[in-house]
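Enquirer: Could you work out the structure for the sequence below:
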Amino acid sequence: MGKMDIQADLAQSSLIRNMDKKAELKVKIVPGSKCNQICQFMNDGALKIKISAKPVEGKANQELVRFLSEILKIRKTDIQVKSGISSRNKLLEIWGIDSKEIISRLSNWMH
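Expert: Below is the predicted model of the structure:
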């Protein structure tokens, strides 16, 4: 699947919602993976992300925020876990970047 295909699929999915001055992103994380990786979007509209940190004492959530802030080129404080703190399924609030730019930056990292 090419970059343009990924961007079109992301744009049409329910993956990212623009809200007032923020975006929401549904993710499903796989903690304890070999490396951090943006994988694919799932049938339920969530983005599957592999995270190297284990789900102990919030380390996987911290690594998720750090990894996404690096990819999206925003501050870690601009990403918050809105729901799913202790779940693999999470809803993230992302401030300071719109959904089109999120899609563009994520598609560069998808495998």
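Enquirer: By mean pLDDT, which helix or strand of the protein comes out lowest?
Expert: helix 3-12 (a mean of 50; mean pLDDT, DSSP states H and E).
Enquirer: so how far is V27 from I79?
Expert: 11 Å (CB to CB, to the nearest Å). In this view, the C-beta of every residue, glycine as well, is placed from N, C-alpha and C.
Enquirer: Could you name every residue contacting both of the two?
Expert: Here I79 and V27 have L92 as joint contacts, going by CB atoms under 8 Å, 6 or more residues apart in numbering.
Enquirer: Pairing partners for the longest strand seen in the chain, with directions?
Expert: Using DSSP state E, we find that the single longest strand of the chain is strand 22-30. Pairing partners of strand 22-30, with direction, according to DSSP bridges: strand 16-19 (antiparallel), strand 47-50 (parallel), strand 89-95 (antiparallel).
Enquirer: Need those strands in a markdown table (columns: distance to E70).
Expert: As requested, those are arranged in a markdown table below (distance: least, CB to CB, whole Å):
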| stretch | distance to E70 |
| --- | --- |
| strand 16-19 | 18 |
| strand 47-50 | 12 |
| strand 89-95 | 13 |
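Enquirer: looking at those, which is buried most?
Expert: The highest mean neighbour count among those, using mean count of other CB atoms under 10 Å, belongs to strand 47-50: a mean of 21.
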